[in-house]
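S.K.: Next one to model:
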Amino acid sequence: MLVKMIGAALILFAGTLIGFLQAARYADRPKHIRQLAGALQRLETEIVYGRTPLPEAITRIAANVQQPTARLMEAVTAQLQQSDGRTFNECWEAAIRSQWPSTAMRSAELTVAIRLGSTLGISDKDDQLKHLRLAAVQLKAEEDAARDEQAKYEKMSRSLGVLLAILVVILMV
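M.R.: You can find the predicted model right below:
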């Protein structure tokens, strides 16, 4: 009997934890999108107004943004410092793809980030400004969609984790 009670408690704990972790991902996604958009806004300022070279601008941004966006920018800096003959776009994409799993963002935001990397550093500041602003608009739309998903599914994920754990316990007993 004691073993069944301990097993039931562990199942309840695990189910609840899974539900809360999933809910946290729904809560983190809009926050991570907003952080990425803020980092791109800082990049716009560095490029257009500060006339800062792109590698230096990305290094500065990495030091002034929160995780996981800072990790993304640090990875870009690390890729650029390897200086193995790759283009900025190749370094950007490799860094973004390597760090993306550590974020709560999805493929739509990944597409925006990678598309932006293909235009940075290869045109004049006005063209880069247009692409940065386009990326900001696209990220804002994704952030709004993420907020809607959060409102719909965050509480449900928590409840579903607990309820499924209770169901398993009932079936077990």
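S.K.: The one helix or strand Asp148 maps to - what's its average pLDDT?
M.R.: Assigned by DSSP states H and E, Asp148 falls within helix 125-172. Helix 125-172 carries an average pLDDT of 89.
S.K.: tell me which strands and helices it is in contact with?
M.R.: helix 2-48, helix 107-117 (3 or more C-beta pairs under 8 Å, 6 or more residues apart in numbering; DSSP states H and E). Every residue, glycine included, has its C-beta placed from N, CA and C.
S.K.: helices and strands around the longest one, which ones?
M.R.: The helices and strands touching helix 2-48, judged by 3+ C-beta pairs under 8 Å, 6+ apart, are helix 54-64, helix 69-81, helix 107-117, helix 125-172.
S.K.: Out of those, flag the one nearest Leu10.
M.R.: helix 125-172 (9.5 Å; C-beta to C-beta).
S.K.: Compute the distance between Thr111 and Lys140, please.
M.R.: To Lys140, Thr111 is 15 Å away according to C-beta to C-beta, to the nearest Å.
S.K.: again with Asp124
M.R.: 25 Å.
S.K.: which of these two has more neighbours?
M.R.: Lys140 (13 against 7; other C-beta atoms under 10 Å).
S.K.: Look up the closest residue to the more buried one, ignoring the ones flanking it.
M.R.: Ala37 (6.6 Å; C-beta to C-beta, 6 or more residues apart in numbering).
S.K.: That neighbour - how many residues pack around it?
M.R.: 21.
S.K.: Could you do Trp92 as well?
M.R.: Quick note: Trp92 (other C-beta under 10 Å) scores 25 neighbours.
S.K.: Next one: the closest residue in space to Arg34 that isn't next to it in sequence relative to Met5, how far apart?
M.R.: Distances taken as C-beta to C-beta, 6+ apart place Glu143 nearest to Arg34, at 5.8 Å, with adjacent residues excluded. According to C-beta to C-beta, Glu143 and Met5 sit 45 Å apart.
S.K.: the more surrounded of those two?
M.R.: Neighbours were counted for Glu143 and for Met5 using other C-beta under 10 Å; Glu143 has more, 20 against 11.
S.K.: That one contacts Pro30, correct?
M.R.: Yes: Glu143 lies in contact with Pro30 (C-beta atoms under 8 Å); the separation is 5.2 Å.
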